[in-house]
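# Okay, sequence plus prediction incoming.
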Amino acid sequence: MAQVSIEVRVNGSTHRREVEPRLLLVHFLRDVLGLTGTHVGCDTSSCGACTVLLGGLAVKSCTLLAVQAEITTVEGLATNGDLHAVQEGFWEEHGLQCGFCTPGFLMATVQLLEENADPGDAEIRHALEGNICRCTGYQHIVNAVQNAAGKLREAAS
């Protein structure tokens with residue numbers, strides 16, 4: 001298949017590559033750029049393990065072509081080695097177990113907290129319903145989001 005030249009901005013850096021036009025963003029991130037924090041879970045857009053931020057919106061990278069994107073991955077959350085408040089919240093509240101689904105939950109949480117600084121339990125569960133975790137009962141994830149929301153509100157005041 002013919003290759004096309006693309007320029008993609010990922011985590012603040014521009015990458016120029018030659019790729020097949022049908023290359024999915026998730027495979028571009030993992031296989032071309034080596035950003036393996038974005039996981040391939042189901043290949044059907046059901047699990048949310050491949051979630052990234054596209055223009056600040058949480059999207060499943062298995063549903064996008066690499067030629068369409070300027071994105072932030074889980075690797076782009078930390079700043080100068082300091083964890084993002086959402087990453088800290090998940091760490092402190094044990095919002096992860098095996099860690100496979102965690103990047104997707106982190107990215108969906110970032111979008112949620114940018115839109116709603118103080119979500120309730122139902123709002124959190126609704127915002128994260130497109131992400132599946134096979135290990136937890138979700139309560140620790142909800143606690144982690146509440147923890148992160150508190151950190152972000154405190155930092156903003």
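In hand now; what should we look at? Here the structure is a predicted model, which means the values were calculated and not measured. Numbers count the residues shown, from 1 in each chain.

# any idea how far residue 3 is from the residue nearest the centre of the chain?
Centrality entry for the chain: nearest residue to the mean C-alpha point is residue 107, 2.8 Å, by Cα atoms, centre = their mean. Residue 107 sits 29 Å away from residue 3 when distances are taken as Cβ to Cβ, to the nearest Å. Glycine gets a C-beta too; all of them are placed from N, C-alpha and C.

# Sort out which residues of the longest helix seen in the chain are buried, please.
Counting residues, the longest helix in the chain under DSSP state H turns out to be helix 139-156. Using 16 or more other Cβ atoms under 10 Å as the test for burial, helix 139-156 gives 140, 141, 142, 143, 144, 145, 146, 147, 148, 149, 151, 152.

# Leaving out the residues flanking it, which one is nearest to the third one?
For residue 142, ignoring the flanking residues on the chain, the nearest one in space by Cβ to Cβ, 6 or more residues apart in numbering is residue 124 at 5.1 Å.

# The residue nearest to the centre of the chain against residue 50, yeah?
No. Between residue 107 and residue 50 there is no contact under Cβ atoms under 8 Å: 9.4 Å.

# ok so, going back, ok, the buried residues of helix 139-156 vs residue 58, which is closest?
Looking at the buried residues of helix 139-156 and their distance to residue 58, the nearest is residue 145, at 12.9 Å (Cβ to Cβ).

# looking at this protein, which helix or strand is least sure?
For the chain, the helix or strand with the lowest mean confidence is strand 70-72, at a mean of 89 (criterion: mean pLDDT, DSSP states H and E).

# Not counting that one itself, show me its contacts.
The contact list for strand 70-72, computed with Cβ atoms under 8 Å, 6 or more residues apart in numbering, reads 8-12, 25, 29, 52-55, 61, 107.

# try it again with 6 Å
Contacts made with strand 70-72 from outside it, assessed by Cβ atoms under 6 Å, 6 or more residues apart in numbering, are listed as 9, 10, 11, 52, 53, 54.

# if I look at the second one, how far off is residue 127?
Using Cβ to Cβ, residue 10 is found at 24 Å from residue 127.
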